[in-house]
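A.B. asks: 3D, please:
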Amino acid sequence: MGIEEVVKSNVPPHNLEAEESVLGAMLLSRDAIAQVIEILDSRSFYRKAHRDIYEAIIELFESGEPVDIISVSDHLAKKGLLDSVGGYTYLSSLLNKIPTPSNAAYHAKIVQEKAILRELIEAGIKIKELAEEENDDVPVIMDKAEQIIFAVTQRKVFQYFIPLKEELFNVFELIEVRSRKHSYLSGIPTGFEEFDKLTGGLQYSDFIVIAGRPSMGKTAFCLNIAHHVGVNLKLPVAVFSLEMSSEQVAMRMLSAEAGIPYYKLRVGDLSEAEWRRITTSINTLAEAPIYIDDSPNISVLEMRAKARRLKSEVGLSLIIIDYLQLMSSGARMENRVQEISKISRD
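C.D. replies: Purely as a prediction, here's the structure:
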């Protein structure tokens, strides 16, 4: 491998032509600025000079000042950056790098893609350093590594305030659709009609605690919800069972589906008719996207890692934990109440 190849392989992904095209469009059109600002920030640009020019354009735009080659040059000069970006001559050359400002959003996406690739490389370096330093336990290092990658994959497009007028139209359309459906549900139905009427179903991102005294049916209630969501709605469900084995969970769900008492399944005391119902129920449950993890004393770090992996592989609509008190926070706490509070926050 020659020297030129080694140098080339170490250059992070970038597209200077796309960066120049974006900046040129922003110098020509305020509409282009409005489009680009929702896709990029200054960190998206590879060249420092381009980052400085972008920031100067945005500062003028946000202050309501005119944005053109003269105003940007003057602004950069006041900041002492005009010479470092290439001077007035380089700014003038940017105007020749864009055929039409209408392509600004397309070229901005090219710049964004290159920026994400650079972030992935940086993330890989950070993960390598975490592994080599060995300052934490392996599960902690794995969780930190997943968080680093997750932060890159969840990179969002920048978004400004939404006018209430626009959102009201969206709300009106949503209400109109729901009125045609004649449904009181706004989330995932649990299968318990009265509960769904009060709550509108299980809402995404909600953290819900089912509380009650021992042997009051908390586990049965949660498994019935998992059954309804997985079997009837065909939505992916993760069940973390810290008390029962996966075999016991599967048997309880089979009992509910077949309508056969749980104790009869445990001892195998079944009639021929019940055997036929068992076979039919197994076929039904086998097609449901329900996933069970029965790892005892699982930590928040492990659970989060497993949930992320399942989400990336098949999707995830509902997570059930049975039950919270059996989880480990992975940290030393003064008492169990503080530990449960930490688990809930994490």
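A.B. asks: What's the local residue count around Tyr323?
C.D. replies: 16 (other C-beta atoms under 10 Å). Where you see a C-beta, it was placed from the backbone N, CA and C, and this is true even at glycine.
A.B. asks: Where do the helices of the stretch 51-200 of the chain begin and end?
C.D. replies: For the stretch 51-200 of the chain, the helices identified by DSSP state H, counting those that start in this stretch occupy 69-78, 87-94, 104-133, 138-153, 164-181, 193-199, in order along the chain.
A.B. asks: Which one of those lies nearest to Arg30?
C.D. replies: Closest to Arg30 of those is helix 104-133 (C-beta to C-beta; 11.0 Å).
A.B. asks: hmm, back to that, turn the helices of the stretch 51-200 of the chain into JSON lines, including distance to Asn10, mean neighbour count and mean pLDDT.
C.D. replies: As requested, the helices of the stretch 51-200 of the chain are exported to JSON lines (distance: least, C-beta to C-beta, whole Å; neighbours: other C-beta atoms under 10 Å; pLDDT from 0 to 100):
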{"stretch": "helix 69-78", "distance to Asn10": "30", "mean neighbour count": "17", "mean pLDDT": "93"}
{"stretch": "helix 87-94", "distance to Asn10": "26", "mean neighbour count": "15", "mean pLDDT": "91"}
{"stretch": "helix 104-133", "distance to Asn10": "10", "mean neighbour count": "16", "mean pLDDT": "89"}
{"stretch": "helix 138-153", "distance to Asn10": "20", "mean neighbour count": "15", "mean pLDDT": "79"}
{"stretch": "helix 164-181", "distance to Asn10": "46", "mean neighbour count": "10", "mean pLDDT": "74"}
{"stretch": "helix 193-199", "distance to Asn10": "55", "mean neighbour count": "13", "mean pLDDT": "83"}
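A.B. asks: Save those as JSON lines, and put in distance to Gly212 too.
C.D. replies: Shown next, in JSON lines, are these (distance: least, C-beta to C-beta, whole Å):
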{"stretch": "helix 69-78", "distance to Gly212": "64"}
{"stretch": "helix 87-94", "distance to Gly212": "66"}
{"stretch": "helix 104-133", "distance to Gly212": "41"}
{"stretch": "helix 138-153", "distance to Gly212": "31"}
{"stretch": "helix 164-181", "distance to Gly212": "32"}
{"stretch": "helix 193-199", "distance to Gly212": "14"}
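A.B. asks: With respect to Glu257, which of the ones you listed lies nearest?
C.D. replies: The nearest among those, by C-beta to C-beta, is helix 193-199 at 19.1 Å.
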